[in-house]
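Chemist: Can you look at this prediction? I've put the sequence above it.
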Amino acid sequence: MSVPTVGDDENVLLGAARAGDAEAFRRLWAPVARRAFGLCLHLTDNRADALDAIQETQIAVWRNLGRFEGRAPFAAWVMVIARNSARSVARRVRAAREDLLFPEAAEPAAMESGFDETVAGLVDLRRALAALPTSHKEALLLWAGGLTYEQTAAGLQVPLNTVRVWIFRARKALRETLGPR
């Protein structure tokens, strides 16, 4: 089976991937993998869990290519699957902690002077994101990951105006928490 070239239409790649062409799937997956991993990392708050979630995402996308209807871009569909995978992994991790009677994750150690400002800013951002309601955080991360308001609403299965309000409130809360940078 010949693999379509990079300039070929997404639909051609989808058709080839649906027929079992792993190289066509790789070409579909590669442009969205980094954004999907970033979403998983933000939602799980742990690199190892995010890696589990992105692996589950990739497997789910491959297995469900036949169900992709094309009503939204392929990337939007992948981001919704990534969100669901990350939430599933996070639930399993929480349940395992509770089952083993592990205490909640400890606060990160106090930052020492000399830390790179970028790292310090990332820690602040992660804390600020963690303080947001889950719905607001998920909407913001999907939108910031490149989805439109409409795609985000479809992925979260909520009305468009609800998504707009959630994103507005999330951005406002982040601005208030983080201040000007």
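Modeler: Sure, I can see it.
Chemist: just so I have it, where are all the helices in this structure?
Modeler: Secondary structure of the chain (DSSP state H): helices located at 10-18, 22-44, 47-63, 74-99, 117-131, 134-144, 149-156, 160-178.
Chemist: Let me have these in CSV, extended by mean neighbour count and mean pLDDT.
Modeler: For glycine as for every other residue, the C-beta is placed from the backbone atoms N, C-alpha and C. Output for those, formatted as CSV (neighbours: other CB atoms under 10 Å; pLDDT from 0 to 100):
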stretch, mean neighbour count, mean pLDDT
helix 10-18, 17, 91
helix 22-44, 19, 93
helix 47-63, 18, 94
helix 74-99, 18, 86
helix 117-131, 13, 76
helix 134-144, 21, 90
helix 149-156, 19, 90
helix 160-178, 16, 90
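Chemist: Just to check, E56 is in contact with R92?
Modeler: No. Using CB atoms under 8 Å, E56 makes no contact with R92, being 10.3 Å away.
Chemist: Domain-wise, how is the protein divided?
Modeler: Domain segmentation of the chain under automatic domain parsing yields 8-102, 116-181.
Chemist: need the contact list for the spatially most central residue of the chain.
Modeler: Centroid check for the chain by CA atoms, centre = their mean gives L39 as the closest residue, at 2.3 Å. Applying CB atoms under 8 Å, 6 or more residues apart in numbering, one finds that L39 lies in contact with M79, A82, R83, A86, L141, L142, G145.
Chemist: Ignoring the adjacent residues along the chain, who's closest to the second one?
Modeler: Just to be clear, that refers to A82. Spatially, and ignoring its direct neighbours in sequence, A82 is nearest to A36 (4.0 Å; CB to CB, 6 or more residues apart in numbering).
Chemist: just the last one next, same as before
Modeler: The spatial neighbour of G145 that comes closest, neighbours along the chain excluded (CB to CB, 6+ apart), is R35 at 4.7 Å.
Chemist: wait, doesn't that neighbour sit right on L147?
Modeler: No. The criterion here is CB under 8 Å, and R35 misses it with L147 at 9.3 Å.
Chemist: what do these two both touch?
Modeler: Taking CB under 8 Å, 6+ apart as the contact rule, R35 and L147 both touch A75, M79.
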